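*Asks:* show me how the following folds:
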Amino acid sequence: MEQAYKNITYLFIAIFMVIFAGFYKTYFGLFPTFDKVTITQHIHSALFMLWFLMLMVQPILIRNKNFVLHRALGKFSYVLVPLLVGSIFYIAKGFYHKMIVDITAEKVVPMLFVPFYQIIDFVVLYLLAIYHKKFTPYHMRYMIATSMAIVGAAVRRICTKLLDMSSPDAFLYTFLITDLVLVALILYDIRYKKDWKPYFISLIIILISQAAYYIVPQTSFWQKWCGLFAETFF
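*Replies:* So this is what the prediction gives:
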């Protein structure tokens, strides 16, 4: 492992703490009764905790030269990631049915773009990490970037639930924070003369999704095809 990344586990722990804070009021703080929490939400949370546990453990295994277990956990991700994506689908389905009780489907459909772009960003970055699994510098950086693709949900909740921001402001600050973290990682690699290109590519992928958030949900294309998808599968 690169010397500059020997303590990368602490970054994943910090990201998990952000997630814990973001979902404290709606999930973790409801322990032990978990009133009104569905089985789907429990499964979704358990899968993501497994994902971040894997991210925390993998660098430690590499540092301790336990490559056999590292590869075994890597293969486990081939099962875990599809399950994560499936859980996001069912969370979106539950959100859709909850919202259409009070507002029309035409107003709910634009909101479904959020889980859609999160799934796409996460999966694309994960696949890039797997594609470069034999080239550790790229593999590691894309795996780090996957956490940037999904931490936004927690940051938004911190902004709205803890800081009382409006939803538009929460999205804006979430986007800015995510982008700044990736820029900081790029500058860190430039400072230590490491290969920063994976972070730059990750930033471009996430920026495209962020720009699309302000454009795509209100288009007739999205209303038509996402509405049809929701009617068919939700």
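*Asks:* could you use CA atoms for every contact and neighbour count after this?
*Replies:* Fine.
*Asks:* pLDDT on stretch 19-27, on average?
*Replies:* Average pLDDT, stretch 19-27: 90.
*Asks:* gap between the two ends of it?
*Replies:* The straight-line separation of the ends of stretch 19-27 (C-alpha to C-alpha, to the nearest Å) is 11 Å.
*Asks:* same question, stretch 146-156
*Replies:* Stretch 146-156 end-to-end distance (C-alpha to C-alpha) = 17 Å.
*Asks:* run through who's touching it.
*Replies:* By C-alpha atoms under 8 Å, 6 or more residues apart in numbering, the list of residues contacting stretch 146-156 from outside reads 12, 15, 18-23, 118, 121-123, 125-126, 167, 170-171, 173-175, 178, 182, 206.
*Asks:* how far away is residue 160 from residue 104?
*Replies:* Distance, residue 160 to residue 104, using C-alpha to C-alpha: 23 Å.
*Asks:* picking that back up, ok, of the contacts of stretch 146-156, which come out buried?
*Replies:* Those of those that meet the buried threshold are 12, 15, 18-23, 118, 121-123, 125-126, 170-171, 173-175, 178, 182, 206, by 16 or more other C-alpha atoms under 10 Å.
*Asks:* of these, which belong to helices?
*Replies:* Judged by DSSP state H, the buried ones among the contacts of stretch 146-156 include 12, 15, 18-22, 118, 121-123, 125-126, 170-171, 173-175, 178, 182, 206 as members of helices.
*Asks:* and residue 2, what pLDDT?
*Replies:* pLDDT for residue 2: 68.
*Asks:* once you drop chain neighbours, what's closest to residue 200?
*Replies:* Leaving aside its sequence neighbours, residue 200 sits nearest to residue 186 (C-alpha to C-alpha, 6 or more residues apart in numbering; 6.8 Å).
*Asks:* contacting residues around that neighbour?
*Replies:* Here residue 186 is in contact with 196-197, 199-200 (criterion: C-alpha under 8 Å, 6+ apart).
*Asks:* show me those that map onto helices.
*Replies:* If you go by DSSP H, these have 197, 199-200 in helices.
*Asks:* which one of those residues has the most neighbours?
*Replies:* Ranked by the number of neighbours (other C-alpha atoms under 10 Å), these place residue 199 first, at 23 neighbours.
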